[in-house]
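Student: can you look at this prediction? I've put the sequence above it.
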Amino acid sequence: MSNSIQSTKEAVKQNLKIALSLLVSSNEFIPVSKVVKQHDKFCNVSFDVIIYEGNFQSYSEVFECFPHEFIISEDRQNVAFKRRHSPTLPALAYTHIVGICSNLKKRAWLSSIYVRKLATNEVIHEPLRAMNFSEIAIPQQILYIKKMNVFRLTCIQQYILPYIFSCTTDIAIEGTKYTGRSVGVIASLLSQIHMYKKASRIKKRGPIAVILLQSSPYQLNNTDNNASTNYANYISKLLRLISEYLDIKIGFDLIETSKDLCVITFKGIREYEKKTLSDLKFFVVFNVEKIIAKVGLEIFAARIKPFVPEWAISIFVMEEYIDPGPILLRDCLKPDAIFISDKS
């Protein structure tokens, strides 16, 4: 078999894995026709073209070319991932394509996640959770996630997405590096902006969402450190990758004129300056623990309160908050705020 034919066959196999992984969270059978439709949503080459060029007689024949990966039901109408004799890790190589999301580690699919009430630290025993994309109510929200090459939810994303989609209260998120917390928040946020733009409404003033970063990816000075600048560049790269239809402005001075999303830095906020943001629905802070460690909780709260309206959903994202812990953030969040963490 030539290298070009082998490469094409490998590409077809990987695309089939992605299509099936979008629909299942285990070794359950899914109708072949449904997997084919899912395949054609994200793949440039339609399944019918594969059938024609490969001289196949049916869809199921294509899956049968990969007996080590898939199993076909007796009626040949359904397909599932092939069960292994030994347990397999849920961290599947094909769930995040090499690129912007390639830094995710295997532990992203192995972590235990805890959901609590922030004010009382009480565990929520039946939290909102989505095991896979088919459980998310609004299909259009897959649009941005798919463009980020995310095809299977990591453990922390299974909780981040449904809570942000529900828009019911503020959220504090604590997650270890490389577990998908930032990707999950960005994908959910931009999907919500997209849906809100499509809804019938009268445009008032200001953006739908504001992202607050510790440092700017565009202008460095002595107060920036390499880690915070690299993280700002990472967020900026994510936004450029998937924001082709959104109006995004950078800088606190432009916050009232931005339509969809404004990215600001803490040092750009002028103290006690009130802004009229009547359209603001989401206020997201990345690396909140590092910002507070640098300026103090009192100054942090005093800077953001004048321009963040009470009705906006605040989402604070951190890697790790040192004792006494995230409970200190309760003065900045709603009384019923929830806390999602991969730390017990």
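Tutor: Right, received. Where do you want to start? What you are looking at is a predicted structure, and each value in this text was computed from that prediction instead of being measured.
Student: and the gap between the residue nearest to residue 185 when sequence neighbours are not counted and residue 307?
Tutor: Distances taken as Cβ to Cβ, 6 or more residues apart in numbering place residue 317 nearest to residue 185, at 5.7 Å, with adjacent residues excluded. C-beta coordinates here come from the backbone N, C-alpha and C atoms, glycine included. The gap separating residue 317 from residue 307 is 19 Å, by Cβ to Cβ, to the nearest Å.
Student: also residue 254?
Tutor: The spacing between residue 254 and residue 307, counted by Cβ to Cβ, is 13 Å.
Student: equivalent analysis for residue 155, please.
Tutor: Counting by Cβ to Cβ, the gap from residue 155 to residue 307 is 34 Å.
Student: ditto for residue 67
Tutor: Distance from residue 67 to residue 307, by Cβ to Cβ: 59 Å.
Student: now do residue 154
Tutor: Between residue 154 and residue 307 the computed distance is 32 Å (Cβ to Cβ).
Student: again with residue 179
Tutor: For residue 179 relative to residue 307 (Cβ to Cβ), the value is 31 Å.
Student: do residue 58 as well
Tutor: From residue 58 to residue 307 the distance is 59 Å (Cβ to Cβ).
Student: these two: who's more crowded?
Tutor: Comparing residue 58 with residue 307 by other Cβ atoms under 10 Å, the one with more neighbours is residue 307, at 23 against 12.
Student: now for the more buried one: which residues touch it?
Tutor: Neighbouring residues of residue 307 by Cβ atoms under 8 Å, 6 or more residues apart in numbering: 255, 269, 273, 274, 275, 277.
Student: pLDDT at the nearest residue to the fifth one once chain neighbours are set aside, what is it?
Tutor: So the one you mean is residue 275. Nearest non-adjacent residue to residue 275, counting by Cβ to Cβ, 6+ apart: residue 307, 3.8 Å away. With respect to pLDDT, residue 307 scores 82.
Student: quick one: residue 307 and residue 277, what's the gap?
Tutor: Plainly put, residue 307 is 6 Å away from residue 277 if you go by Cβ to Cβ.
Student: now list whatever residues contact both of the two.
Tutor: By Cβ under 8 Å, 6+ apart, residue 307 and residue 277 have these common neighbours: residue 255.
Student: so what's the residue count around residue 37?
Tutor: The burial count for residue 37: 13, using other Cβ under 10 Å.
Student: contacting residues around the residue nearest the centre of the chain?
Tutor: Nearest to the mean C-alpha position of the chain, by Cα atoms, centre = their mean, lies residue 184 at 1.8 Å. With contacts defined as Cβ under 8 Å, 6+ apart, residue 184 is in contact with 153, 154, 156, 157, 160, 161.
Student: give me that answer again for 10 Å
Tutor: 145, 148, 150, 153-154, 156-161, 164, 173, 175, 317, 340 (Cβ atoms under 10 Å, 6 or more residues apart in numbering).
Student: how about residue 116?
Tutor: Contacts for residue 116 (Cβ under 10 Å, 6+ apart) come out as 122, 123, 124, 127, 172, 326, 327, 337, 338, 339, 340, 341.
Student: in space, what's closest to the fourth one - neighbours in sequence excluded?
Tutor: Closest residue to residue 127 apart from its sequence neighbours, by Cβ to Cβ, 6+ apart: residue 115 at 3.8 Å.
Student: does the one you found belong to a helix or a strand, and which?
Tutor: Assigned by DSSP states H and E, residue 115 belongs to strand 114-117.
Student: got the CA coordinates for that strand in PDB?
Tutor: Extracted C-alpha coordinates of strand 114-117, given in PDB (Å, rounded to 0.1, in the frame of the first residue of the first chain):
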ATOM      1  CA  TYR A 114     -15.900  18.600  43.000                       C
ATOM      2  CA  VAL A 115     -18.800  21.000  42.800                       C
ATOM      3  CA  ARG A 116     -19.600  23.000  45.900                       C
ATOM      4  CA  LYS A 117     -21.500  26.000  47.100                       C
END
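Student: list the buried residues for stretch 67-82?
Tutor: 70, 71, 72, 78, 79, 80, 81 (16 or more other Cβ atoms under 10 Å).
Student: so how far is the first residue of it from its last?
Tutor: 8 Å (Cα to Cα, to the nearest Å).
Student: going forward, the N-terminal residue is numbered 43.
Tutor: Understood, numbering begins at 43; the last thing we discussed is stretch 109-124.
Student: number of nearby residues for the residue nearest to residue 342 when sequence neighbours are not counted?
Tutor: Closest residue in space to residue 342, ignoring its immediate chain neighbours: residue 334 at 5.1 Å, by Cβ to Cβ, 6+ apart. A count of nearby residues for residue 334, using other Cβ under 10 Å, gives 22.
Student: you'd agree residue 334 is in a helix?
Tutor: Yes. Judged by DSSP: H, G, I helix; E, B strand; the rest coil, residue 334 forms part of a helix.
Student: so the residue nearest to residue 227: helix, strand or coil?
Tutor: Here residue 359 takes the strand state, with states given by three-state DSSP.
Student: who's in contact with it?
Tutor: Contact analysis of residue 359 by Cβ under 10 Å, 6+ apart lists 202, 213-217, 223-224, 226-228, 253, 326-331, 382.
Student: and for residue 318?
Tutor: 246, 247, 248, 297, 298, 349, 351.
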